[in-house]
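Peer 1: Okay, sequence plus prediction incoming.
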Amino acid sequence: MPRIATFVLSLACLSLAAPACTQKPAEPAKAEAKDANQIPSGDGAKGSAELPPLPDPIATVNGKAISLAEFKTIYDLKVQKYAERKRDIPPSADRRYRKSITERLVYQEVLRQEAAAKGVKYNETELAEREAQQKQGIKDWDKHLVRRGETEASLREMYVAELVEKQLLESAGKLSVTDKEVDDEYEKIKPNYKSDAERVQASHILVPIGPQNQATMGAEKPPEPTEEEKKKYLAEAKAKADELYQKATAPGADFEKLARENSIGPSADKGGDLGVFTKDRMVEEFSAVAFKLKPGEISKPVETKFGIHIIKLIAKFPPGDLPKDALVGQIRERLGQRKLHQGRRDLKEELMARYKVENKMEEALGPDPRGPKQRPGMGGPGSPGVPGMGRMGGKGGEGMPAGHPPIGHGDGSVPPANGKPPVEDEAAPKADDDGE
């Protein structure tokens, strides 16, 4: 059976919402964007026409204008990346930015107005956790923002929009999962979790060794650390892991809270929960320790190629079928994410039909001279080609907790009978959301 350690123990930080409904947006990051009007368009694809001037306002939502200035806080940073590479921006890319950023800002304004009308407020604690998780392990946050073509404020706006969407759906009762739905799903997937081997359920706190810069397409690869730097990074990680071990084993310690605040990787959002796994589905160093622990016991720091782990064993399961209790959390999360995914699509369709939107940018651009092109629909507060489209807490398997074997494929189907559903490597670098 192939290892999928790269899925469970990876270091990827999620790369990957709208102006805060209840607070002023933060000031932009230090990066200064050059005026996009001073950045020339390239010849682009054959037949591309010169783009028209930017309208002001770019759109209105129920009569409220979205200014050109607001648009340019994002747009100028996007096109500036071309100038820094001494490249003219192709008209096709320029058109895409204008269209997608406008759509993003329009839907953010729609959500803001809907939240105000319904008296819905986003969860500020959840927002703070999301922002902290995004920054964790990134050595130079300002440089990271420049590479993404975003500001501190624009990222916060996208996070807030996602939280508002979720809150609107929750208040309408669209995200509740019933016990019957859980029972039905368990019976459907139970055969896929039968095993001849012993299994355990564990959580971990993963401490990175060295800075963890998120990969960005088009960006220069960071230099390889020197041997002296490697020793320094390892010593720092060990010291941090020892400190966290002392905290985790102290009387009354909250392991889940420590994992959320200190671990890296998507599993941190789930309190470090790695789900249920057999010994051969983890790297050897990890499994050798995890399978010797007793339920409730916490290991001393364990070093692997992914970093340094502090492991807590939750439960052990003998060969055979997994009891429902072992999967109920995953099933409930999976069904909830499935409803959230569909709910966002339905909510967007309903709101965009109900609100009066005048998209002046779209009117100015006119039809694409290259002809119609099939693009996926906007499923959330942003839009295609614009950072922040990823759903919070979601990664493969429709938002299953990171590190868990997916209960099914992303399309909702049941995994293969051999119990080896395809998984996504959490360690794989994430491309820049612009697709460059």
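Peer 2: Sure, I can see it.

Peer 1: Now do the strands in this structure.
Peer 2: With DSSP state E, the ranges of strands along the chain come out as 59-61, 64-66, 199-207, 273-278, 302-304, 307-317, 357-359.

Peer 1: what's the closest of the ones you listed to residue 156?
Peer 2: Nearest to residue 156 among the strands of the chain is strand 64-66; the distance by C-beta to C-beta comes to 17.2 Å. To be clear about C-beta, it is placed using only N, CA and C from the backbone, and glycine gets the same treatment.

Peer 1: Name the strands paired with that closest one and say parallel or antiparallel.
Peer 2: Counting by DSSP bridges, the strands paired with strand 64-66 are strand 59-61 (antiparallel).

Peer 1: State the number of residues packed around the nearest residue to residue 212 once chain neighbours are set aside.
Peer 2: Nearest residue to residue 212, sequence neighbours excluded (C-beta to C-beta, 6 or more residues apart in numbering): residue 137, at 3.3 Å. Per other C-beta atoms under 10 Å, the neighbour tally for residue 137 reads 19.

Peer 1: Look up how far residue 312 lies from residue 255.
Peer 2: Here residue 255 is placed at a distance of 5 Å from residue 312 (C-beta to C-beta, to the nearest Å).

Peer 1: Please apply the same query to residue 97.
Peer 2: 46 Å.

Peer 1: more crowded one of the two?
Peer 2: Set residue 97 next to residue 312 and count neighbours by other C-beta under 10 Å: residue 312 wins out with 26 against 21.

Peer 1: how about the more buried one, what does it touch?
Peer 2: 202, 203, 204, 248, 255, 272, 293, 296, 297, 298, 299 (C-beta atoms under 8 Å, 6 or more residues apart in numbering).

Peer 1: May I have the beta-bridge partners of it?
Peer 2: Here residue 312, judged by DSSP bridges, has bridge partners residue 203, residue 298.

Peer 1: rewinding a little: shared neighbours, residue 255 and residue 312?
Peer 2: Both residue 255 and residue 312 are contacted by 203, 248, 272, 298, under the criterion C-beta under 8 Å, 6+ apart.

Peer 1: Return the closest of the residues you listed with respect to residue 126.
Peer 2: Lowest distance from residue 126 to the shared contacts of residue 255 and residue 312 (C-beta to C-beta) belongs to residue 272, with 17.6 Å.

Peer 1: Could you find the closest non-adjacent residue to the closest one?
Peer 2: Leaving aside its chain neighbours, residue 272 sits nearest to residue 259 (3.1 Å; criterion: C-beta to C-beta, 6+ apart).

Peer 1: my read: that neighbour touches residue 268, true?
Peer 2: Yes - assessed by C-beta atoms under 8 Å, residue 259 is found in contact with residue 268 at 5.8 Å.

Peer 1: Count the neighbours of residue 79 for me.
Peer 2: For residue 79, the neighbour count with other C-beta under 10 Å is 25.

Peer 1: Model confidence at it, what's the number?
Peer 2: Residue 79 carries a pLDDT value of 89.

Peer 1: now swap in residue 421 and tell me
Peer 2: 34.

Peer 1: so residue 299 makes contact with residue 310?
Peer 2: Yes - proximity of residue 299 to residue 310 meets the contact threshold set by C-beta under 8 Å, at 6.4 Å.

Peer 1: The two: who's more crowded?
Peer 2: Each of residue 299 and residue 310 has its neighbours counted (other C-beta under 10 Å); residue 310 has more, 27 against 20.

Peer 1: gap between the more buried one and residue 256?
Peer 2: The gap separating residue 310 from residue 256 is 12 Å, by C-beta to C-beta.

Peer 1: on that earlier part again, next up, the contacts around the residue nearest to residue 272.
Peer 2: If a contact means C-beta under 8 Å, 6+ apart, then residue 259 has 203, 204, 205, 267, 268, 271, 272 as its contacts.

Peer 1: Can you list phi and psi of the residue nearest to residue 212 for me?
Peer 2: Per-residue torsions, residue 137: phi 80, psi -10 (degrees, to the nearest 10).

Peer 1: any idea how far residue 336 is from it?
Peer 2: For residue 137 relative to residue 336 (C-beta to C-beta), the value is 28 Å.

Peer 1: Apart from its chain neighbours, what residue comes closest to residue 163?
Peer 2: residue 122 (3.8 Å).

Peer 1: And the pLDDT at that neighbour?
Peer 2: Confidence score, pLDDT, at residue 122: 90.

Peer 1: Just give the number of residues close to it.
Peer 2: Residue 122 has 25 nearby residues by other C-beta under 10 Å.

Peer 1: For it, what are phi and psi?
Peer 2: Per degrees, to the nearest 10, the backbone of residue 122 is at phi -80, psi 160.

Peer 1: Where do the helices of the stretch 51-200 of the chain begin and end?
Peer 2: With DSSP state H, counting those that start in this stretch, the ranges of helices along the stretch 51-200 of the chain come out as 68-84, 91-118, 124-135, 141-148, 152-171, 179-189.

Peer 1: in the second one, what counts as buried?
Peer 2: If I follow you right, that is helix 91-118. In terms of neighbour count (16 or more other C-beta atoms under 10 Å), helix 91-118 has its buried residues at 91-115.

Peer 1: now the fifth one
Peer 2: Along helix 152-171, these residues count as buried under the neighbour rule (16+ other C-beta under 10 Å): 152-169.

Peer 1: Which elements pack onto it?
Peer 2: Using 3 or more C-beta pairs under 8 Å, 6 or more residues apart in numbering; DSSP states H and E, the elements in contact with helix 152-171 are helix 68-84, helix 91-118, helix 124-135, helix 324-354.

Peer 1: what about the nearest residue in space to residue 233 that is not next to it in sequence, how many neighbours?
Peer 2: Leaving aside its sequence neighbours, residue 233 sits nearest to residue 210 (C-beta to C-beta, 6+ apart; 3.7 Å). Residue 210 has 17 neighbouring residues, counting by other C-beta under 10 Å.

Peer 1: any idea how far residue 210 is from residue 58?
Peer 2: For residue 210 relative to residue 58 (C-beta to C-beta), the value is 42 Å.

Peer 1: Repeat that for residue 113.
Peer 2: 17 Å.

Peer 1: any low-confidence regions in the stretch 301-436 of the chain?
Peer 2: 372-436 (pLDDT under 70).

Peer 1: swap that for the stretch 51-200 of the chain, please
Peer 2: For the stretch 51-200 of the chain, applying pLDDT under 70 flags no range at all.
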